[in-house]
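[1] predicted model and sequence below, questions to follow.
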Number of protein chains: 2
Amino acid sequence: MSEAFGDRLIGRVRALGHPLCVGLDPHLAKFPPLFRQGAMAPGAPETAEAVVSFCLAVLDRVAGRVAAVKPQSAFFEQLGPAGVAALGRVIAEARRRDLLVILDAKRGDIASTAEGYAAAYLAKDAPLRADALTVNPYLGLDTLEPFAAAAQESGAGLFVLVKTSNPGSADLQDLPAPDRPLYEHLAESLAPLSDRLTGGDTGWSSLGVVVGAPWPEPSQRIRQLLPRTPFLVPGYGAQGGGLTEAFAGFVPGPNNTREGGLINSSRAILFPAAANVSDTTTWERAIDTALTTTISKFKRAASEST
Amino acid sequence: MSEAFGDRLIGRVRALGHPLCVGLDPHLAKFPPLFRQGAMAPGAPETAEAVVSFCLAVLDRVAGRVAAVKPQSAFFEQLGPAGVAALGRVIAEARRRDLLVILDAKRGDIASTAEGYAAAYLAKDAPLRADALTVNPYLGLDTLEPFAAAAQESGAGLFVLVKTSNPGSADLQDLPAPDRPLYEHLAESLAPLSDRLTGGDTGWSSLGVVVGAPWPEPSQRIRQLLPRTPFLVPGYGAQGGGLTEAFAGFVPGPNNTREGGLINSSRAILFPAAANVSDTTTWERAIDTALTTTISKFKRAASEST
């Protein structure tokens, strides 16, 4: 099996039979009582420790059941340097549990600055080495190069924001540019880089794109332009995208299932109502149930013909 | 004097008579011998300490002579959690020296995630509280709201990327959308938010925009659309923008000088050839000379009529 990110990703999704990615968004306001420590405020020293305990307990539930987790950097950064240390521990522990880690940090900058971010998160010896990083393309294609070079070197991947899940994504991403939406123009211009980062057994690239669940038609158009570029699909559930919409950019794969990347779910797995408890057994059961329910739905959707 | 960022910024620029902002980009490869410690590699523990010593020595040289410094987050993040702690120290020490701190982190995300970044860098009790933050608008105007709300609450500012200094900025930012470049469309759509964040004595907003030095004509068009929105101008010098170009979006202010925000210079101040030495006195003199030379040029350019 190739060591390239695209192959590792699709290989795991195929083995599990579903594309669920669990978002690690440790909202302080939603924290289950079982893991609360002290004031649960950004400044409080125990908060980062509570976040680590919670995330590690979640990793124990999801290990072996999903291909990937997606820590959201902002929720760690708001805790300051201790939060970034917590993020480093969560990333390392997830990888130790054989989960792929998509670090959702939406970085983007020019030249040597982009190299700095790549050195932070994608290089083989990066202090917070993830399997893939989300990146923002607004600064231009030249600014993706340092990320792509680091990813190729280390076997990591990238997910470039193309059409995000929020309503305001229309403001710039949908602008006619000039004769089709900006996101289509961007998707087409990413094709050469996607091809360059393809080469392993599955035929899928290590360059991915972020395409929100609420937008099935844009998903299909982007898929036509980028046939073997994995999607990272946020916005399923909480942000109003249904499962049919979330799978809109997926294509037939082996074993009569559709494949095409990852579909993220955060709150439904991390904070189900039944997990708002203080005892370990009940909390574990609540997470397991939420996970089982979501995975069943995803498997069913993946096996429906398009 | 109003406590709003826009007023603090322009007030200081007026008092000093020039808009120089010193970029704190601690490139490991360019580190002067005086401050090197150990391997100067991202993983080495002494590296973050060397970065702090270097940045604090620079702050001592520039304090009282410039309005603002701009630490580049990537160069700190690449050192891992210790680097983020170093960034926190540099920000705090700069503010203690009465320098405005523009944190160049180019963050951007949706809803509660954007709130997390705002809590990290803009809130009154933020662990890495800066005076202003650079933000990326690709996700849409709704994603700027949490940043704007936090900035208003705490007296901080924002600089939204509009037209960046790199050649590849043309890829998306210059696309006809549909009848004028995307950056113009974006600038116009930022006008209401700029107005909302205006209100103090200078008439300048706490919402700023990033407009690269190499683009004088775009700068003038953006200025027309955003008459009282401070510019943060990168790309002067190293990236090929001259001083006339860098001032293109500036407008007549008091005392026969032009004003309009900040023009950044990093390498010319941090790493002049004469500072590549091991003794303190020579290093200090080299930085002072670089600073004096640049400030003189800036003052001259600011006093030339447009």
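    Looks like it arrived, so ask away.
[2] chain A: strands as residue ranges?
    A:20-24, A:68-71, A:100-107, A:132-135, A:157-163, A:207-211, A:231-233, A:251-252, A:258-259, A:261-265 (DSSP state E).
[3] contacts for the longest one next, please.
    For strand A:100-107, the surrounding residues in contact (Cβ atoms under 8 Å, 6 or more residues apart in numbering or on different chains) are A:5, A:8-9, A:12, A:21, A:23, A:67-73, A:91, A:94-95, A:114, A:117, A:121, A:128, A:130-136, A:147, A:157, A:159, A:161, A:232, A:262, B:74, B:106-109, B:136, B:139. (Glycine included, C-beta is placed from N, CA and C.)
[4] now the stretch 151-300 of chain A against chain B: closest residue?
    A:G168 (2.8 Å; Cβ to the nearest Cβ).
[5] so how far is B:T229 from the closest residue to that residue other than its chain neighbours?
    Counting by Cβ to Cβ, 6 or more residues apart in numbering or on different chains, A:G168 lies nearest to B:G140, which is 2.8 Å off, once chain neighbours are set aside. Separation of B:G140 from B:T229 (Cβ to Cβ, to the nearest Å) stands at 19 Å.
[6] thought the residue nearest to A:G168 was touching A:L175?
    No - checked against Cβ atoms under 8 Å, the pair B:G140 and A:L175 is beyond contact range at 10.7 Å.
[7] my read is that A:A177 contacts B:D179, right?
    No - using Cβ under 8 Å, A:A177 makes no contact with B:D179, being 10.9 Å away.
[8] between the two, which one's more packed in?
    Shown here are A:A177 and B:D179; by other Cβ atoms under 10 Å in any protein chain shown, A:A177 has more neighbours (22 against 9).
[9] show me what contacts that one?
    A:185, B:175-178, B:182.
[10] mind listing which of these are in helices?
    A:185, B:182 (DSSP state H).
[11] reformat the contacts of A:A177 as JSON lines; add distance to B:A268 and pLDDT.
    Listed next are the contacts of A:A177 as JSON lines, based on distance: Cβ to Cβ, whole Å; pLDDT from 0 to 100:
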{"residue": "A:H185", "distance to B:A268": "36", "pLDDT": "98"}
{"residue": "B:L175", "distance to B:A268": "32", "pLDDT": "97"}
{"residue": "B:P176", "distance to B:A268": "35", "pLDDT": "97"}
{"residue": "B:A177", "distance to B:A268": "35", "pLDDT": "95"}
{"residue": "B:P178", "distance to B:A268": "40", "pLDDT": "93"}
{"residue": "B:L182", "distance to B:A268": "31", "pLDDT": "98"}
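[12] among the contacts of A:A177, name the buried ones.
    Burial by neighbour count, judged by 16 or more other Cβ atoms under 10 Å in any protein chain shown, picks out A:185, B:175, B:177, B:182 from those.
[13] against A:A41, how distant is A:A50?
    Remark: distance between A:A50 and A:A41 (Cβ to Cβ) = 11 Å.
[14] neighbour-wise, which of those two wins?
    A:A50 (21 against 13).
[15] tell me the pLDDT of the more buried one.
    A:A50 is assigned 97 on the pLDDT scale.
[16] and the nearest residue to it once chain neighbours are set aside, how close does it get to A:F31?
    Leaving aside its chain neighbours, A:A50 sits nearest to A:Q37 (4.0 Å; criterion: Cβ to Cβ, 6+ apart). Remark: distance between A:Q37 and A:F31 (Cβ to Cβ) = 9 Å.
[17] give me the common contacts of the two.
    A:A50.
[18] higher neighbour count, these two?
    A:F31 (19 against 16).
[19] pLDDT on stretch A:131-140, on average?
    Here the average pLDDT along stretch A:131-140 is 98.
[20] same check on stretch A:292-306?
    91.
[21] any idea how far it is from the chain center?
    19 Å (Cα atoms, centre = their mean, to the nearest Å).
[22] pull out the buried positions in it.
    So stretch A:292-306, judged by 16+ other Cβ under 10 Å, has buried residues A:294-295, A:298, A:301-302.
[23] what's the single longest helix in chain A?
    Longest helix in chain A, counting by DSSP H: helix A:280-303.
[24] name the surrounding residues that touch that one.
    Here helix A:280-303 makes contact (Cβ under 8 Å, 6+ apart) with A:17-20, A:22, A:32, A:34, A:57-58, A:61-62, A:65-66, A:243-244, A:246-247, A:250, A:256-259, A:263, A:265, A:268-270, A:272, A:274-275, A:277.
[25] repeat for stretch A:22-31
    A:40-42, A:47, A:50-51, A:54-55, A:58, A:62, A:66, A:68-72, A:75-76, A:90, A:104, A:234, A:264-267, A:269-271, A:291, B:112-113.
[26] would you mind giving me the ChimeraX syntax to select the buried ones in these?
    Buried residues among those (16+ other Cβ under 10 Å), as a ChimeraX selection:
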select /A:42,47,50,51,54,55,58,62,66,68,69,70,71,72,75,76,90,104,234,264,265,266,267,269,270,271,291 /B:112,113
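[27] would you agree A:G168 is in contact with B:L141?
    Yes - between A:G168 and B:L141 a contact is recorded at 5.4 Å, counting by Cβ under 8 Å.
[28] show me the helices in chain A, by range?
    A:5-16, A:45-62, A:73-77, A:81-96, A:111-121, A:145-154, A:170-173, A:182-196, A:216-225, A:243-246, A:267-270, A:280-303.
[29] relative to B:A191, which of these is closest?
    B:A191 sits nearest to helix A:170-173 of all the helices of chain A, at 13.7 Å, using Cβ to Cβ.
[30] ok, and does the closest one reach over to chain B?
    Yes - judged by Cβ under 8 Å from any Cβ of the partner chain, helix A:170-173 comes into contact with chain B through A:170-173.
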